[in-house]
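In: need coordinates for the below:
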Amino acid sequence: MFSFITVSCAAQADGYKFYSPLDSVKTSNFYNIELTPELSAHMKTDYSDIRIINGSNKWVPHLLHAPFYEQAVDAVTWNLKSSIIENTGTNTVVIIESRQAISSNIGLNITNTAAERFCTLSGSDDKKSWFVINDSIILNPVAVANKTENIFSINFPPNSYKFYKLIIHNNGKDPFNIKDVVENAPGSPVKNEPVRLNENPAVTIQQKDSGKISYIKITQQLAYQFDNISLHLTGVKFYNRRVDLYIPYPGNHSFSNPGQLLQSFTVSNNSTLQFTLPLTKALVFYLLINNEDNLPLTVSEVKTSCSNHYITAYLETGNNYRLIMDNEAATLPNYDLAKLNSKIPDSISFLQFGKISAFTENKTAVTAVKNNKWILWVAITAALLILLFFTYKMIKEVDKRKNT
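Out: Reported below is the predicted structural model:
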């Protein structure tokens, strides 16, 4: 049992090549860990091979955040102030107060019914002068099997009226049982922090000008991730040229065989020379500048950087935690934390990580076994002697009982 548990715990850390200890946790709470270039160099670009493990080598659930891409929360349904000023067999008249500067929908919460009615929607800023919005709306609510009420949505062109008047024509029939009036509001934008780029360490540059193309080989210190590149170009005062960025295929690559085209962009003397790319990871990549019939440009500086990413996890005091990373076989974990409705605080502390180290394989020392077959024969002989002894004793005892 102990061996099985030990193997099961170790299995959650198997296949990972690097680890980094996290600072001690002072208080049990949620913490952020920033995925800096030092860490991202040992991860896949989908961040599927980053894990937090505790002292027992068990995974600790985490959430991945990319603030630049987190734009909105879910849509919200708001209750609106409303009053029914007439509710007869002739008409039902509902006055509704808007809650937004611009509105484009109203929802009626109606007790289940299979009836249909036509209605008219008007708008006003003072509840005295009314202006038509739509005079041929059909209300045909669909009953819900597991509820006694359902919301029928009325969509209309966006406008800025303060009040709406809905007139439902009952034509001598009983009116709908309207419980309340709601409005569906789109998701509210999240207040993102300014886009922050983590700049990777300096690169080395090799340039070769050949014919109408300049070939530039960029070598990073490690296979850092990057989704942003900035250039410093000299040699020509006025220019406007296309640049192709290539990521090498695994194996051999060269100026004439730069690999797969990732993205093309245009550089000019009046641009920022800073470009956004699809997130990629490479130790080496190539830039090909199309000079056409112009003098070649000189690439004097290249900087790569990556937009900010971090992970969030609930960590408990008294435990030792580590980050483990770099596992080609890893897939994105399916943690409950991503499905919970409980809100994680927007402002939480960042926890620092320590030195990144490679896992060392535990090698079992193998000792040459001598040819000691005589021990085996001694053991067999001893076993036979003991067996014969007990057989002899048993026969004697049987004979003794027969004589008796």
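
In: alpha carbons only for contacts and neighbour counts from here, please
Out: OK.

In: per-residue pLDDT, the residue nearest to residue 24 when sequence neighbours are not counted?
Out: Spatial nearest neighbour of residue 24, chain neighbours left out: residue 320 (6.7 Å); criterion: CA to CA, 6 or more residues apart in numbering. Predicted confidence (pLDDT) for residue 320: 93.

In: for residue 320, give its distance to residue 22.
Out: Distance of residue 320 to residue 22, computed by CA to CA, to the nearest Å: 8 Å.

In: try residue 133
Out: Residue 133 sits at a distance of 61 Å from residue 22 (criterion: CA to CA).

In: just the mean pLDDT for the host helix or strand of residue 381, thanks.
Out: Assessed by DSSP states H and E, residue 381 sits inside helix 373-403. The predicted model assigns helix 373-403 a mean pLDDT of 83.

In: what's the spacing between the spatially most central residue of the chain and residue 18?
Out: Centroid-nearest residue in the chain: residue 64, 4.9 Å away (criterion: CA atoms, centre = their mean). For residue 64, the distance to residue 18 (CA to CA) stands at 19 Å.

In: also residue 328?
Out: Residue 328 is 12 Å from residue 18, by CA to CA.

In: settle it for me: which of those two has more neighbours?
Out: residue 18 (19 against 13; other CA atoms under 10 Å).

In: for the more buried one, what are its contacts?
Out: 42, 324-326, 356-359 (CA atoms under 8 Å, 6 or more residues apart in numbering).

In: same thing but 10 Å
Out: Residues counted as contacts of residue 18 (CA atoms under 10 Å, 6 or more residues apart in numbering) are 39, 42-43, 50, 323-327, 356-360.

In: got a list of what residue 212 touches?
Out: Contacts for residue 212 (CA under 10 Å, 6+ apart) come out as 289-296.

In: what do you get for residue 279?
Out: Per CA under 10 Å, 6+ apart, neighbours of residue 279: 45-46, 225-228, 262, 306-307.

In: I'd like those residues as CSV, with pLDDT appended.
Out: Output for the contacts of residue 279, formatted as CSV (pLDDT from 0 to 100):
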residue, pLDDT
45, 92
46, 92
225, 95
226, 95
227, 93
228, 94
262, 94
306, 93
307, 89
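
In: could those go into CSV alongside neighbour count and distance to residue 316?
Out: Output for those, formatted as CSV (neighbours: other CA atoms under 10 Å; distance: CA to CA, whole Å):
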residue, neighbour count, distance to residue 316
45, 15, 29
46, 12, 27
225, 27, 31
226, 26, 33
227, 16, 34
228, 20, 36
262, 15, 43
306, 24, 30
307, 21, 29
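
In: which of these sit farthest apart?
Out: 262 and 307 (17.7 Å; CA to CA).

In: quick check: bridge partners of residue 257?
Out: On the basis of DSSP bridges, residue 257 is bridged to residue 254.

In: okay but it is in contact with residue 250, surely?
Out: No - the pair formed by residue 257 and residue 250 falls short of the contact definition of CA atoms under 10 Å, at 11.7 Å.

In: which one's more surrounded, these two?
Out: residue 257 (12 against 7).

In: which pLDDT value goes with that one?
Out: For residue 257, pLDDT reads 93.

In: pull the contacting residues for it.
Out: Residues near residue 257 by CA under 10 Å, 6+ apart: 246, 248-249, 286.

In: same question, residue 306
Out: Per CA under 10 Å, 6+ apart, neighbours of residue 306: 35-37, 40, 196-200, 224-229, 276-277, 279-280.
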